[in-house]
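Colleague: Here's my sequence, what's the structure:
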Amino acid sequence: MIFGPFLPQIKHPCWNPFIEYAKQAIIYKVSNYLLKPCNESQIIDAIKKASGEIRRRKKIKELVPEAVISENISRYHYKEYINQILDYVDLHFADPNLSLKWIAQNILYMNVDYLSREFTHQTGQKFTDYLTNLRIAKAKVLLKDCQNEKIYTIADKVGFANNPQYFIQLFKSATGMTPRAWIKYGVMEKPLI
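Modeller: Now for the predicted structure:
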């Protein structure tokens, strides 16, 4: 521990040089470490784990533009994989087949049950609720900007292409009115009195 340029260095009695290595490992996002002596299978396992992590990070970067994801600055205060889920959903919410299971299997290569529990625990809402709320919010913007657009077209643009009727039902549940009524009454400017 250093208290300043004029004070002597004070080291804790339990100070260990390994702590400095551990700090550097965290900074470099090390996924594994080996202690000497190690055998060939341990080296192979470590390489497999590291290459899997590299492929996972590369796939995320390919699918999500650099403007959305940053290695150093996270948009959210969650674990990295939850941030990656949120970033991916923000960009692909219009995909009617989007699901946490698909993201777990094809993007993160993680267990979907674990991801579901962690997503709920960290964000305070289920993945499906987050996705639905995001889609409804996007639909409100589209309905405001494109008031002459057909409802089924709006449903398609926000990920409900397979079932526009279900979109109307969810929209009414979230806002208290149908999309058409929301355009008519919810978007209207309040008259000046």
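Colleague: pLDDT score for residue 44?
Modeller: At residue 44, the model reports a pLDDT of 79.
Colleague: so where's the protein shaky on pLDDT?
Modeller: 1-32, 51-76, 186-193 (pLDDT under 70).
Colleague: after the helix or strand harbouring residue 47 comes which helix or strand?
Modeller: Per DSSP states H and E, residue 47 falls inside helix 40-63. Per DSSP H and E, the first helix or strand lying C-terminal to helix 40-63 is helix 80-92.
Colleague: what packs against that following helix?
Modeller: helix 40-63, helix 100-103, helix 112-123, helix 127-145 (3 or more C-beta pairs under 8 Å, 6 or more residues apart in numbering; DSSP states H and E). Using the backbone N, CA and C atoms, a C-beta is placed for each residue, glycine as well.
Colleague: Ok, which of the ones you listed comes nearest residue 87?
Modeller: helix 40-63 (7.9 Å; C-beta to C-beta).
Colleague: still on that earlier bit, could I get the helices and strands packed on helix 80-92 as TSV with mean neighbour count and distance to residue 158?
Modeller: Shown next, in TSV, are these (neighbours: other C-beta atoms under 10 Å; distance: least, C-beta to C-beta, whole Å):
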stretch	mean neighbour count	distance to residue 158
helix 40-63	12	19
helix 100-103	17	17
helix 112-123	15	20
helix 127-145	17	4
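Colleague: what's the closest of those to residue 166?
Modeller: Judging the helices and strands packed on helix 80-92 by C-beta to C-beta, what sits closest to residue 166 is helix 127-145, at 10.3 Å.
Colleague: Who are the packing partners of the closest one?
Modeller: Looks like helix 127-145 contacts helix 80-92, helix 112-123, helix 151-157, helix 164-175 (3+ C-beta pairs under 8 Å, 6+ apart).
Colleague: circling back to that earlier point, mind putting the helices and strands packed on helix 80-92 in CSV, distance to residue 151 included?
Modeller: Shown next, in CSV, are the helices and strands packed on helix 80-92 (distance: least, C-beta to C-beta, whole Å):
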stretch, distance to residue 151
helix 40-63, 30
helix 100-103, 26
helix 112-123, 29
helix 127-145, 9
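Colleague: out of those helices, nearest to residue 172?
Modeller: Nearest of those (C-beta to C-beta): helix 127-145, 10.2 Å.
Colleague: Okay, angle between that closest one and helix 80-92 too, please.
Modeller: Put simply, helix 127-145 runs at 30 degrees to helix 80-92, going by axes from the mean of the first three to the mean of the last three C-alpha atoms, to 10 degrees.
Colleague: quick one: secondary structure of residue 36?
Modeller: coil (DSSP: H, G, I helix; E, B strand; the rest coil).
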